[in-house]
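Peer 1: sequence first, predicted model second:
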Amino acid sequence: MSIFDKMRTQKLLSFTLMLFTLSVGIVIGTLVNSGVKAARDNSAAPGAKELKIPDPVAATNSFAQIAKQVEPSVVNISTTYNPKPSRTTARNGNGNGRRQVAPPDDDDQGDNNGGMDEFLYRFFGNPLGNGSPDTPQRKGYALGSGVVVDGAGYILTNNHVVDKADRIQVKFLNDPTEYDAKVVGVDAPTDLAVIRVLGKHDVAPAKIGNSDAVEVGDWAMAIGSPFGFQATVTAGIISAKERDIPGDSSQFQHFLQTDAAINPGNSGGPLLNIRGELIGINTAIASRSGGYQGIGFALPINTAVMVYNDIIKNGKVTRGSIGITFTQSDTPQARALLKSFGATEGVFVQSVAPGGPSEKAGLKAGDIIVSLNGKPVRDGNTLVNTVTSTPVGKPIEVAVLRNGKRENFNVVVGDLSQIFPDQFGSAEDKNKGSAEATAATFGMEIENLTDRQRETYGIKEHGGIRVRTVEPSSFADDIGLVAGDIILSINQHPVNTIEELQKYKATMKPGDAVALQVLRRQRGGGWQSQYVAGTLPSNQ
């Protein structure tokens, strides 16, 4: 090959290499330019990538599992109240019906109620506002919750959910049928009731837990029908234990406090632990609005179980009593009383029920109970728990300090409902011996006084009959009679029986003057005699 041929070959190779290099540069430039253009087109969200929806996967957590496990055991309870004559009746501390307890005054609230009263509610949950047992002029309806605890159809709920209801119906989750239910038994002091569903047999009971194992800070879950919304699940923690509601006089309710949302309609439903075990029956809330504000109360299941077992065995709860009243040991007054009587701990006896076990055994007001059956008594709760759980008729050794000296007494435990019938007696107990009560006398119901009632009420005067109820707008109401008054005379004629009052009334005609001498209970606990009078109208 000549030198010219070699030069031509080199030029051709050089030209080809340059052409290849140029082509590569053009391709790279095109790609870079396309990327820049694409970036410019996506300038609304630089660097963003499209999102993708993953395939559906069921989330798993303990709360969801608990809800699925327990919801079939939770029922919605609806109650019906037929119209009844309206009456003004004496109230006791049993916890029957819807209760509102005013809180202590708060200096920050300023005048009156600070714009909004704070109430503690035991609630029916009546979202439609179309009646209740307290508005008997028309048929009333109310809502609540309950929990199945026995496969035979037995349900735990609150007494105030079913109290005085003419018809009780329950609904189960995913079952549109409303089943009738009947009351097996109630216990007003703990506000518990046992009902049984009729006509449904495949019921699943909730698992019973142990409320003594509950600690503050534990998870808690509530299920119920707030405002009628069935199977509503809420969660929170246990905020406190052994909580006594301010202003509540019950000695048998020491609540679990929770911040799980509880509203009207949850009442009677279950409070559960993280294992899905029943640890409480939702009973009350503290609220200024009547709805959830972070403080709910549930009766511990251990207390509820004891009540339930008594009811299914006997139809009622029988509690022991030694027939005394006492000052709660955690109050300044109690501490001052103990100190003034030379004691540092114990329970100060305020009064002894006439004819009761303690009076028969020799105890007196002013004694300080320091032990029961050899075990120290440091506060009233210890005393109540020990005595009420002791079988009626069984003796108990009571040690007291009297005049600085220790003395022992054997006290035979009596029936609480019989020793203090007005406070702890059932409706049946209060109606015993009252068959003669009548509503046809001046618009009031009256009853003859028994010797036991005279002792219990501390009435020293002879004769007299007791006013049980007063009908609003009646003659008795107009002249100022109230339930609990003791009528001693009518127009200066002594009254000892219902028949005597009716006999004098039969001689009267419209327009006659009627003057009644009555005994009325005073705030301090004593009785005061006074007269009430009026002109008999034509409708009486």
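Peer 2: It's in.

Peer 1: name the SS class of the closest residue to Asn273 other than its chain neighbours, please.
Peer 2: Distances taken as CB to CB, 6 or more residues apart in numbering place Ile279 nearest to Asn273, at 5.0 Å, with adjacent residues excluded. For glycine as for every other residue, the C-beta is placed from the backbone atoms N, C-alpha and C. Following DSSP: H, G, I helix; E, B strand; the rest coil, Ile279 is assigned to strand.

Peer 1: next: the one 3 residues further on.
Peer 2: Each residue gets one of three states, and Asn282 gets strand by three-state DSSP.

Peer 1: ok, it - contacts?
Peer 2: For Asn282, the contact set (CB atoms under 8 Å, 6 or more residues apart in numbering) comprises 145, 222, 224, 262, 266-271, 296-298.

Peer 1: check it and give its pLDDT.
Peer 2: In this model, Asn282 is scored at 94, pLDDT.

Peer 1: circling back to that earlier point, restricted to strands, list the contacts of Asn282.
Peer 2: Judged by DSSP state E, strands contain the following of the contacts of Asn282: Ser145, Ala222, Gly224, Pro270, Leu271, Gly296, Phe297, Ala298.

Peer 1: could you list the buried residues of stretch 228-240?
Peer 2: Gln230, Ala231, Thr232, Val233, Thr234, Ala235, Gly236, Ile238, Ser239 (16 or more other CB atoms under 10 Å).

Peer 1: the nearest residue to the third one once chain neighbours are set aside and Pro264, how far apart?
Peer 2: Closest residue in space to Thr232, ignoring its immediate chain neighbours: Pro226 at 5.4 Å, by CB to CB, 6+ apart. Distance of Pro226 to Pro264, given as CB to CB, to the nearest Å: 7 Å.

Peer 1: again, but for Thr507
Peer 2: Per CB to CB, Thr507 is found 52 Å from Pro264.

Peer 1: in terms of neighbours, single out the busier of the two.
Peer 2: Set side by side, Thr507 and Pro264 show more neighbours around Pro264, with 26 against 8, by other CB atoms under 10 Å.

Peer 1: three-state assignment of that one?
Peer 2: Of the three states, Pro264 takes coil under three-state DSSP.

Peer 1: quick check: Ala515 touching Ala533?
Peer 2: Yes - the criterion here is CB atoms under 8 Å, and Ala515 meets it with Ala533 at 4.1 Å.

Peer 1: now the closest residue to Gln169 other than its chain neighbours: phi and psi?
Peer 2: Spatial nearest neighbour of Gln169, excluding adjacent residues (CB to CB, 6+ apart): Glu178 at 4.3 Å. Phi and psi for Glu178, reported as degrees, to the nearest 10, are phi -100, psi 110.

Peer 1: and Ala206, by the same measure?
Peer 2: Backbone torsions for Ala206, taken as degrees, to the nearest 10, come to phi -70, psi 160.

Peer 1: what sits against it?
Peer 2: Val70, Ser73, Val74, Val147, Val148, Val149, Pro270, Leu272, Glu277, Leu278.

Peer 1: ok, it to Leu501 distance?
Peer 2: The value you get for Ala206 to Leu501, if CB to CB is used, is 53 Å.

Peer 1: all helices of the stretch 201-350 of the chain, in order?
Peer 2: When secondary structure is read from DSSP state H, counting those that start in this stretch, the stretch 201-350 of the chain shows helices at 301-314, 332-340.

Peer 1: just those: most buried one?
Peer 2: Stretch with highest mean neighbour count among these: helix 301-314 (a mean of 18; mean count of other CB atoms under 10 Å).

Peer 1: A helix includes Phe20, no?
Peer 2: Yes - read with three-state DSSP, Phe20 is one of the residues of a helix.

Peer 1: tell me the bridge partners for the residue lying closest to Ile446 once chain neighbours are set aside.
Peer 2: Leaving aside its sequence neighbours, Ile446 sits nearest to Ile465 (CB to CB, 6+ apart; 5.1 Å). Taking DSSP bridges, one obtains Asn448, Ile487 as the residues bridged to Ile465.

Peer 1: the residue nearest to Gln169 touches Arg167, doesn't it?
Peer 2: No - contact between Glu178 and Arg167 fails when scored by CB under 8 Å: they sit 10.1 Å apart.

Peer 1: quick check: Ala67 touching Ile223?
Peer 2: Yes - at 7.1 Å, Ala67 and Ile223 qualify as touching, with contact defined as CB under 8 Å.

Peer 1: how near is Met18 to Leu12?
Peer 2: Computed as CB to CB, the Met18 to Leu12 distance reads 11 Å.

Peer 1: now do Ile279
Peer 2: 95 Å.

Peer 1: ok, now Asn448?
Peer 2: Between Asn448 and Leu12 the distance, using CB to CB, works out to 139 Å.

Peer 1: OK, contacts around Gly366?
Peer 2: Taking CB under 8 Å, 6+ apart as the test, what Gly366 contacts is Phe341, Phe348, Val349, Arg402.

Peer 1: out of those residues, flag the one nearest to Ser62.
Peer 2: Phe348 (47.5 Å; CB to CB).

Peer 1: and for that closest one, the neighbour number?
Peer 2: 25.

Peer 1: quick one, what contacts it?
Peer 2: Under the criterion of CB under 8 Å, 6+ apart, the contact list for Phe348 reads Phe326, Thr327, Ser329, Ala334, Leu337, Leu338, Phe341, Gly366, Ile368.

Peer 1: 10 Å instead, please
Peer 2: 324, 326-329, 333-338, 340-341, 365-369, 380, 401 (CB atoms under 10 Å, 6 or more residues apart in numbering).

Peer 1: for Tyr292, same thing?
Peer 2: Residues in contact with Tyr292 (CB under 10 Å, 6+ apart) are Pro226, Thr234, Asp259, Ala260, Ala261, Ile262, Asn263, Pro264, Asn266, Ile285.

Peer 1: cool, Gly320 as well?
Peer 2: Gly320 neighbours (CB under 10 Å, 6+ apart): 357, 384, 386-394, 396, 412-416, 419.

Peer 1: now Ala142: which helix or strand?
Peer 2: Assessed by DSSP states H and E, Ala142 sits inside strand 140-150.

Peer 1: that strand vs helix 301-314, what angle?
Peer 2: 90 degrees (axes from the mean of the first three to the mean of the last three CA atoms, to 10 degrees).

Peer 1: now strand 140-150: buried residues?
Peer 2: In strand 140-150, counting by 16+ other CB under 10 Å, buried: Gly140, Tyr141, Ala142, Leu143, Gly144, Ser145, Gly146, Val147, Val148, Val149.

Peer 1: would you format these as TSV with distance to Ile486 included?
Peer 2: Below are those laid out as TSV (distance: CB to CB, whole Å):
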residue	distance to Ile486
Gly140	33
Tyr141	38
Ala142	35
Leu143	40
Gly144	38
Ser145	42
Gly146	41
Val147	44
Val148	47
Val149	44
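
Peer 1: could you dump these to a markdown table with pLDDT and distance to Val317?
Peer 2: Formatted as a markdown table, the buried residues of strand 140-150 follow (pLDDT from 0 to 100; distance: CB to CB, whole Å):
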| residue | pLDDT | distance to Val317 |
| --- | --- | --- |
| Gly140 | 84 | 27 |
| Tyr141 | 86 | 28 |
| Ala142 | 88 | 24 |
| Leu143 | 90 | 26 |
| Gly144 | 93 | 20 |
| Ser145 | 95 | 22 |
| Gly146 | 96 | 18 |
| Val147 | 96 | 19 |
| Val148 | 95 | 21 |
| Val149 | 95 | 16 |
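
Peer 1: can you tell me which of those residues is nearest Pro376?
Peer 2: Nearest member of the buried residues of strand 140-150 to Pro376, counting by CB to CB, is Val149, at 35.4 Å.

Peer 1: need the contact list for that closest one.
Peer 2: Counting by CB under 10 Å, 6+ apart, Val149 touches 73, 155-156, 194, 203, 205-208, 270, 278, 281, 301, 304-305, 308, 312.
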